[in-house]
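Colleague: Sequence and predicted structure below; questions after.
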Amino acid sequence: MEKVVVNDEQCIKIAGILNALEFRKETLEREYITFTADVETKLRAFFYSVAICHQTHSLIDHKRKLKGWTYLEYVYANLGKWNSKLIDPFYLSNLSIEELIDKLKPLFSEDGKPENCTLDRLEERAKFIIDDSKLLVEKFDGK
């Protein structure tokens, strides 16, 4: 596997574009961004939420008025705040797909009952999480 090579010139160009962007204040104040945790825990919460964020149109929590990405943000911000094993690559890399699915289902159910989970494609998402965890452990010492 090839190592990543940083293109300094391209980074400077991207930084120039990003520097000109303005974000709404409320965007930067979301709990997903501001929850209290060490940097590594926050990065893992972000990493895993993005890893499974695709085709989330069926993901919904009517009670909290969450849908799609905002539901993923809610769950992974909480996992980060709790420093949950479900964002620990060493723990996740040792789970089977079925074990991880069983742990994800209650998190994505507005009443905590696994049978009411609205996160679809669970097998695919669990495989992404497990495979990504194995890669983090093998190549990057879990960080």
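Modeller: Ah, there it is. Numbers count the residues shown, from 1 in each chain.
Colleague: Point out where this structure drops to low pLDDT.
Modeller: Low-confidence segments of the chain (pLDDT under 70): 1.
Colleague: buried residues in the longest helix seen in it?
Modeller: Ranked by number of residues, the top helix in the chain under DSSP state H is helix 122-140. By 16 or more other CB atoms under 10 Å, the buried positions in helix 122-140 come out as 122, 125-126, 129-130, 132-133, 136-137. Where you see a C-beta, it was placed from the backbone N, CA and C, and this is true even at glycine.
Colleague: List of residues touching that helix?
Modeller: Contact partners of helix 122-140, identified using CB atoms under 8 Å, 6 or more residues apart in numbering, comprise 1, 47-48, 51-52, 89-90, 92-93, 95, 97, 100-101, 104-105, 119, 142-143.
Colleague: ok so, going back, looking at the buried residues of helix 122-140, which one is closest to Y74?
Modeller: R125 (16.2 Å; CB to CB).
Colleague: can you tell me how far that closest one sits from D141?
Modeller: For R125, the distance to D141 (CB to CB, to the nearest Å) stands at 24 Å.
Colleague: dump the residue contacts of the most centrally placed residue in the chain.
Modeller: By CA atoms, centre = their mean, the chain has its centre lying nearest to S49, at 1.5 Å. Each residue near S49 by CB under 8 Å, 6+ apart is listed here: 32, 72-73, 75-76.
Colleague: And P114, by the same measure?
Modeller: P114 neighbours (CB under 8 Å, 6+ apart): 102, 105-106.
Colleague: Would you list the phi and psi of T56?
Modeller: phi -100, psi 20 (degrees, to the nearest 10).
Colleague: and the residue lying closest to it once chain neighbours are set aside, what does it touch?
Modeller: Of all residues beyond its chain neighbours, the one nearest T56 is G68 (4.0 Å), with distances taken as CB to CB, 6 or more residues apart in numbering. Contact analysis of G68 by CB under 8 Å, 6+ apart lists 56-57, 59-60.
Colleague: cutoff 10 Å now
Modeller: Contacts for G68 (CB atoms under 10 Å, 6 or more residues apart in numbering) come out as 53, 55-60.
Colleague: Fine by me, we can end here.
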